[in-house]
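# I'll drop the sequence and a predicted model, then ask my questions.
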Amino acid sequence: MDFKSFVLNHLNTGVVQTNGPEKNQQIFIANLFSFIGYALAFLMGVSAFIRQDWLLGSVLLIACLLFFSSHLILRSKRITNPYNVSANLVTSSLMLLMVYLVYTGGVNGTGPLWIYIVPPVVLFFGGLRKGTRNLALFVLVISILMFYPNNEWLGTSYTFEFKSRLLYSFLTVSCLFALYEYVRQNSFQRIKEMSQKYEKQAMRDPLSGLLNRRGMRERLQNEFERSQRYKNDLTVMMCDIDHFKVVNDQYGHDKGDDVIINLGAIFESCLRKNDSLARWGGEEYLLLLPETNGDQGMQLAEKLRRKIAETQYKHDDKTFSVTISIGLHQIAATDTINQAITKADTNLYKAKKQGRNRCIID
Ligand SMILES: Nc1nc2c(ncn2[C@@H]2O[C@H](COP(=O)(O)OP(=O)(O)OP(=O)(O)O)[C@@H](O)[C@H]2O)c(=O)[nH]1
């Protein structure tokens, strides 16, 4: 394994496809943060030991171990939500380390300069609400430590100007990061809603609002697998409007469209919640009936056929009605989805050949 793939492997610890892209990105960045955290803490800890600053060196090495543990947690299969546990560990270790640096002053009083790492990390891991809460807690703790009279709660001493400017600049940076996180969350939410909307639209037929072929394929796949696993009955029904060309020719395309929409509504009104209905082609509908055998499917088909034939449409001062032909097939264990649809289609063809306005099952 070369160095690049080693680093990428390391940073992708805990990334699995089932998480989805947003979560995986968070896990990747969590690994990156913990990697930077433990590498920096380790180097600074070693350098503190070389300077014979035993206490700072030990604290930094403990921080290094905590950051490394947050990475190990992401590998764990036993922890229920490894990302959350790891994120909590990174943020709390970082905040404690920074409180310690503010308290002691670090190397020559430069320790507090590291606290600007806190806002981006805390807001990234905690999100806007929890992140702001953690930041407020952090500000409260360091303010009490720094502004307690006579630097009594500090292991070092800072001038009032240094402390107040440190606090102001920290608050400014925190506000800017919180604003950025707010905008980022809002945009992310909007993009998510839009992509869900478009994903939904891509599954629907714009005229009738029913599922289109793509949407129905997904349902077919799911129901097909379910019926095979639990040995449940499953019936497909292919319906086609008879002589629909005549409707278009005599009453116009718009009226034809109305008929297509209305038929969809009639089908829907007769179906169960578990059934699926799609506009499969121009004037063709596909119905999928889980836990329904051929006889039960045939009863429903007859009901639909009669209801549709009885429905009257008005055009100017004329009324007309349409009929449908239906081909059914109860799916057998040996059928593939395509074979089942072809068999229903063959029965529909037979119904058309035998004079239309009828239902046929094999
Ligand atoms: N108004 C309208 N018509 C459509 C739509 N999609 C397909 N059609 C029409 O449906 C008609 C289908 O005609 P054919 O395939 O000859 O079948 P048919 O006239 O229904 O005759 P049979 O199926 O043999 O009973 C065509 O005239 C298409 O233009 C649509 O979205 N709106």
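That came in fine, so what should we check first? Numbering: from 1, shown residues only.

# would you confirm that Leu94 contacts Pro119?
No: shown here, Leu94 and Pro119 do not form a contact pair, counting by C-beta atoms under 8 Å, at 10.8 Å. Placement of C-beta: from N, CA and C, glycine included.

# part of a helix, is Arg356?
No: under DSSP: H, G, I helix; E, B strand; the rest coil, Arg356 falls outside any helix and is assigned coil.

# confirm for me that it is in contact with Ile326.
No: with contacts counted by C-beta under 8 Å, Arg356 stays clear of Ile326, the gap being 10.2 Å.

# who has more neighbours, those two?
Neighbour count, other C-beta atoms under 10 Å: between Arg356 and Ile326, Ile326 has more, with 27 against 14.

# next up, the contacts around that one.
Listed by C-beta atoms under 8 Å, 6 or more residues apart in numbering, the contact set of Ile326 reads Met237, Met238, Cys239, Ala301, Leu304, Arg305, Asn347, Leu348, Ala351, Arg358, Cys359, Ile360.

# any idea which helix or strand carries the last one?
According to DSSP states H and E, Ile360 maps onto strand 359-361.

# ok, and what's touching that strand?
Outside strand 359-361, the residues that touch it by C-beta under 8 Å, 6+ apart are 294, 297-298, 301-302, 305, 325-330, 347-348, 350-351, 354.

# are any of those residues buried, and if so which?
294, 297-298, 301, 305, 325-330, 347-348, 351 (16 or more other C-beta atoms under 10 Å).

# dump those into CSV; add pLDDT as well.
Converted to CSV, the buried ones among the contacts of strand 359-361 look like this (pLDDT from 0 to 100):
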residue, pLDDT
Gly294, 95
Gly297, 96
Met298, 97
Ala301, 97
Arg305, 97
Ser325, 98
Ile326, 98
Gly327, 97
Leu328, 97
His329, 97
Gln330, 97
Asn347, 97
Leu348, 97
Ala351, 97
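
# which one of these is nearest to the ligand?
Ser325 (6.8 Å; C-beta to the nearest ligand atom).

# wait, doesn't the closest one sit right on Met238?
No: Ser325 is not in contact with Met238 according to C-beta under 8 Å; the separation is 9.0 Å.

# show me the common contact partners of those two, please.
Common neighbours of Ser325 and Met238 (C-beta under 8 Å, 6+ apart) are Leu348.

# what helix or strand is His329 located in?
Going by DSSP H and E, His329 is part of strand 324-330.

# next one: His10
According to DSSP H and E, His10 maps onto helix 3-11.

# next secondary structure after that helix?
Where DSSP H and E defines the elements, the next helix or strand beyond helix 3-11 is helix 21-50.

# give me the pLDDT value at the closest residue to the ligand within the stretch 51-200 of the chain.
Closest to the ligand within the stretch 51-200 of the chain is Lys200: 20.4 Å, counting by C-beta to the nearest ligand atom. Note for Lys200: predicted pLDDT of 87.

# mind listing what the spatially closest residue to Ser174 that is not a sequence neighbour touches?
Among residues not flanking Ser174 along the chain, Pro119 sits closest, at 4.4 Å (C-beta to C-beta, 6 or more residues apart in numbering). Residues near Pro119 by C-beta under 8 Å, 6+ apart: Leu135, Phe170, Val173, Ser174, Phe177, Ala178.

# hang on, the earlier thing: ok, the strand holding Ile360: who's next to it in the sheet?
strand 324-330 (parallel) (DSSP bridges).

# quick check: buried residues in whichever helix or strand comes after the partner strand?
Using DSSP H and E, the helix or strand that follows strand 324-330 in sequence is helix 337-353. The neighbour-count check on helix 337-353 (16+ other C-beta under 10 Å) flags Ala340, Ile341, Lys343, Ala344, Asp345, Asn347, Leu348, Ala351, Lys352 as buried.

# make a markdown table from the residues you listed and add distance to the ligand to it.
A markdown table is the format used below for the buried residues of helix 337-353 (distance: C-beta to the nearest ligand atom, whole Å):
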| residue | distance to the ligand |
| --- | --- |
| Ala340 | 21 |
| Ile341 | 17 |
| Lys343 | 18 |
| Ala344 | 15 |
| Asp345 | 12 |
| Asn347 | 14 |
| Leu348 | 9 |
| Ala351 | 10 |
| Lys352 | 5 |
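
# farthest pair within those?
Maximum pairwise distance among the buried residues of helix 337-353 (C-beta to C-beta): 19.2 Å, between Ala340 and Lys352.

# gap between Phe160 and Leu167?
Distance, Phe160 to Leu167, by C-beta to C-beta, to the nearest Å: 11 Å.

# the more surrounded of these two?
Set Phe160 next to Leu167 and count neighbours by other C-beta under 10 Å: Leu167 wins out with 17 against 10.

# which bits of the stretch 251-362 of the chain sit near the ligand?
His253, Gly256, Asp257, Ile260, Gly282, Glu283, Lys352, Arg356 (C-beta under 6 Å from any ligand atom).

# farthest pair within the contacts of Ile326?
Top of the distance list for those (C-beta to C-beta): Leu304 and Asn347, 14.9 Å.

# next up, phi/psi of Arg356, please.
Main-chain torsions, Arg356, degrees, to the nearest 10: phi 70, psi -180.
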